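S.K.: predicted model and sequence below, questions to follow.
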Amino acid sequence: MLTCSDICLDYVEATRVTHALKGVTLEFPPNKLHGIMGPSGSGKSSLLYILCGLKAPTSGNVLIDGKSITKMTDAERASLRSKQFGFVFQQPFLLNYLTALENILVGVSPSVLSTATIKAESLLENLGLGGMGDKYPSMLSGGERQRVAVARALIGNPDIVFADEPTAALDKENGYKVMKALADWAVDHTVIVVTHDADMLKGADEIHHLMNGCLVDNAQPNVR
Amino acid sequence: MRHPLSPLTYLTRNPSKVLPMGFVIVLCVFLIAAVASIANSIDLTVRTIYRYTEFFTYVIPQRSTQSVPMDQRAVVEMQPEIDRIIEGGVFFVNIKTVVGRLPFVVIGSSPEERDYLLKRIGATLAEGRMPADGKPEVVVSLPILENRGLKLGDVIAGPLDEGGIAGSPVPVKVVGVLKSDIWVAMSSRTFTDKTFLLTPKCLLLTTKVPSDLDVLNERLMPVGRKGDGLLSPEKVNVLTRSSLLAEVRDSLSSMYMIMEVVSATVIFVIALMSGMLSNIYFTQRIPEFGVLAALGVSRTRLMMKIVWETVILTVIAWAMGSVLSVFLLKYLATNVFKQRGLFLDAMDPWAYQHTLPIPIAITVFAMVTVWVRLKRLDAVSVIERR
């Protein structure tokens, strides 16, 4: 289980200090879709990046199954991200010289490439992208690219998927498709989605609201 | 299926990014190979033109005497390696070289001695005939004719020849052409004796075993320590391959130094420029590295990916640059330099060794650049780029 306790994040610019997160404490029980909501600048993306070990907090601790992420070395955090976490960003960030299928496989270890390839093809099928594995990102629509990014996040069978505004650059229809894929994954894994769009979190199990770096309304349950 | 992060995947899928870099390396390799080959060509030119010194040595009397003094001749005769000692007159014809006209020796010998010397250097008559006794005629090897742009029957030396010791009071014709890469010119002894009265008579030495010549030369008059040898430098001089090269290197030392400085500067600047180019090239890929780092690809793996991409690219480009250099330098050597008396070795290993700093500099620059950037890489700042 992922937990964070008393997370603070300060940005120092010259003499001015901005408190982006002010003592956030949260638990993310497994097999749930967790939403983190809040307006722009509320600190929700910062919190997500701290939770996944991409950003270090000014103070506080993040634990995964009892182990502190904040105390890990860079290499240990990279290994954790590679083996246990999956990521979906606001932009798909696909490598334009790789096909959709290859983009899904970038983080896969060379030793399991052949089995991962079969799984990637199946993921593409499940995400409505069957037969598009050999297409380059420039040949795909925005929604298709983001679904490829979802497949890339899921290929390593991660325990936790982090999604930062995954539907922000998409129309409603494509946004729902992406959210459905994430919700399906949350049935037996943990998914944490940051968004400012309440519509996209209709199926979430828990929603955490952030305002000015503070948790204001914790774990509002939803009915899936 | 090849792994998506395989270096070959990037290199083969991004020709617009890879080819300009590769092309720059190819051109740099050619530039440096050309500069280094040309710098080294003066030595090669001397070694080619005076290669006959690999087969025999001249003992030349000093200016005060017309022939080698008896005591000096006796010393030479005592040497166990000696096969033959041929005494004869010589005269000189002009040849074209990169440093201007140089005199080239024509040996005056008897028919028997001439046949012996030609056999020793492996030269055979390809066209015409041997010089007639007492006549102003010479037989020369083909490279000399090509150098002078002459043909059989043309005059090779005469009263109007310009420069130094070259020339003849009567016109001397080419009556025979020798098939040999070794530059050699021969006339009859009777002609040189009666025509070049003031030219000193030299001794021409050969050894039983050709490879013993260097040992003998060094014993008679060591290069750089003339007084330490068996022969007296006050009475005679010994013209050997080593002494010739030493003299040329000494007289051209300033030019060599300039060429070395130019060559080293070119190598340094090009290595630096190509290294900086690789820096720009990798800076453009920082977003790609940021995303991969965020996805959990370790910095070590990213580093190895870049190192291999760079090594593969630079090795291929270096090899292509070297092949291109061989072809272009071969063309230049045959069609431009040879006619001007400059010999250029298109496959000179020394020249290609000088091109090695290019791939090494690029790889080192790439590794340092990427290492520094990866160390400072903030994946979040790449991902949050909207």
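M.R.: Right, received. Where do you want to start?

S.K.: near chain B, which residues of chain A are found?
M.R.: Residues of chain A found near chain B (C-beta under 8 Å from any C-beta of the partner chain) are A:45, A:49, A:54-55, A:74-75, A:78-83, A:85, A:87, A:89-91, A:93, A:95, A:97-98, A:102-103, A:105-108, A:110, A:113-114, A:117, A:152, A:164. For the C-beta atoms, the positions are set from N, CA and C on the backbone; glycine is no exception.

S.K.: mind doing that once more with 7 Å?
M.R.: Counting by C-beta under 7 Å from any C-beta of the partner chain, chain A comes close to chain B at A:49, A:54-55, A:74-75, A:78, A:81-82, A:85, A:87, A:89, A:93, A:95, A:97-98, A:102, A:105-107, A:110, A:113, A:117.

S.K.: buried subset of the residues you listed?
M.R.: Buried by 16 or more other C-beta atoms under 10 Å in any protein chain shown: A:49, A:54-55, A:78, A:81-82, A:85, A:87, A:89, A:93, A:95, A:97-98, A:102, A:105-107, A:117, out of these.

S.K.: quick one on the thing from earlier: quick one: which of the residues of chain A next to chain B sit in strands?
M.R.: When DSSP state E is applied, the residues of chain A next to chain B are split such that A:F85, A:F87 fall in strands.

S.K.: around chain A, pick out the residues from the stretch 151-300 of chain B.
M.R.: When proximity is defined as C-beta under 7 Å from any C-beta, the stretch 151-300 of chain B approaches chain A at B:E288, B:V291, B:L292, B:A294, B:L295, B:G296, B:V297, B:S298, B:R299.

S.K.: which non-adjacent residue is nearest the second one?
M.R.: I take that to be B:V291. Taking C-beta to C-beta, 6 or more residues apart in numbering or on different chains, and ignoring the residues beside it in sequence, B:V291 has A:F93 as its nearest neighbour in space, at 4.4 Å.

S.K.: so how far is A:T99 from the one you found?
M.R.: The gap separating A:F93 from A:T99 is 15 Å, by C-beta to C-beta, to the nearest Å.

S.K.: low-confidence ranges, the chain, go.
M.R.: All of this is about chain A. Applying pLDDT under 70 to chain A flags residues A:217-224.

S.K.: that's the other chain; I wanted chain B
M.R.: Applying pLDDT under 70 to chain B picks out residues B:163-164, B:385-386.

S.K.: and it, what are its domain boundaries?
M.R.: As assigned by automatic domain parsing, chain B contains the domains B:7-46+B:253-383, B:49-251.

S.K.: which among those is found nearest to A:D10?
M.R.: Taking C-beta to C-beta, domain B:7-46+B:253-383 is the member of these nearest to A:D10, at 15.4 Å.

S.K.: would you map the strands across the chain?
M.R.: The chain I'm using is chain A. Going by DSSP E, chain A shows strands at A:2-13, A:16-28, A:33-37, A:59-64, A:67-68, A:85-88, A:160-164, A:190-195, A:206-211, A:214-221.

S.K.: wrong chain, I was asking about chain B
M.R.: Here chain B has its strands, by DSSP E, at B:57-61, B:82-88, B:90-97, B:100-109, B:124-128, B:137-141, B:155-157, B:172-179, B:185-188, B:202-207, B:236-239.

S.K.: want to throw those into a markdown table with mean neighbour count?
M.R.: Formatted as a markdown table, the strands of chain B follow (neighbours: other C-beta atoms under 10 Å in any protein chain shown):
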| stretch | mean neighbour count |
| --- | --- |
| strand B:57-61 | 21 |
| strand B:82-88 | 16 |
| strand B:90-97 | 21 |
| strand B:100-109 | 21 |
| strand B:124-128 | 14 |
| strand B:137-141 | 25 |
| strand B:155-157 | 22 |
| strand B:172-179 | 20 |
| strand B:185-188 | 28 |
| strand B:202-207 | 22 |
| strand B:236-239 | 21 |
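
S.K.: closest point of chain A to chain B, which residue?
M.R.: Nearest residue of chain A to chain B: A:S82, at 2.9 Å (C-beta to the nearest C-beta).

S.K.: quick check: closest non-adjacent residue to that residue.
M.R.: B:G296 (2.9 Å).

S.K.: quick one: that neighbour from A:F87, how far?
M.R.: 8 Å.

S.K.: ok, A:F93 next?
M.R.: Distance of A:F93 to A:F87, computed by C-beta to C-beta: 9 Å.

S.K.: for chain A, what's its nearest residue on the stretch 51-200 of chain B.
M.R.: B:V98 (50.0 Å).

S.K.: try chain B
M.R.: Counting by C-beta to the nearest C-beta, chain B gets nearest chain A through B:G296, at 2.9 Å.

S.K.: before we move on, the earlier item: make a markdown table out of the domains of chain B and add distance to A:N61.
M.R.: Listed next are those as a markdown table, based on distance: least, C-beta to C-beta, whole Å:
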| stretch | distance to A:N61 |
| --- | --- |
| domain B:7-46+B:253-383 | 19 |
| domain B:49-251 | 73 |
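
S.K.: can you give me the helices for the stretch 101-250 of chain B?
M.R.: For the stretch 101-250 of chain B, helices defined by DSSP state H, counting those that start in this stretch occupy the ranges B:111-121, B:142-148, B:189-195, B:213-220, B:241-251.

S.K.: out of those, flag the one nearest A:S5.
M.R.: When those are compared for distance to A:S5 using C-beta to C-beta, the nearest one is helix B:241-251, at 78.4 Å.

S.K.: which parts of that closest one are buried?
M.R.: B:R241, B:S243, B:L244, B:L245, B:V248.

S.K.: so the last one touches B:V46, yeah?
M.R.: Yes - because the distance of 4.8 Å satisfies C-beta atoms under 7 Å, B:V248 is recorded as touching B:V46.

S.K.: could you pull up the residues touching residue 102?
M.R.: You didn't say which chain, so I picked chain A. Applying C-beta atoms under 7 Å, 6 or more residues apart in numbering or on different chains to A:E102 gives the contacts B:P4.

S.K.: try chain B instead
M.R.: Counting by C-beta under 7 Å, 6+ apart, B:L102 makes contact with B:I95.

S.K.: neighbours of residue 77, how many?
M.R.: In the absence of a named chain, this looks at chain A. A count of nearby residues for A:R77, using other C-beta atoms under 10 Å in any protein chain shown, gives 20.

S.K.: that's the other chain; I wanted chain B
M.R.: By other C-beta under 10 Å, 11 other residues sit near B:E77.

S.K.: residue contacts, it?
M.R.: B:E77 neighbours (C-beta under 7 Å, 6+ apart): B:I85.

S.K.: equivalent analysis for A:G142, please.
M.R.: Counting by C-beta under 7 Å, 6+ apart, A:G142 touches A:A169, A:L170, A:N174.

S.K.: just the ones of these in helices?
M.R.: Counted as lying in helices by DSSP state H, out of those, are A:N174.
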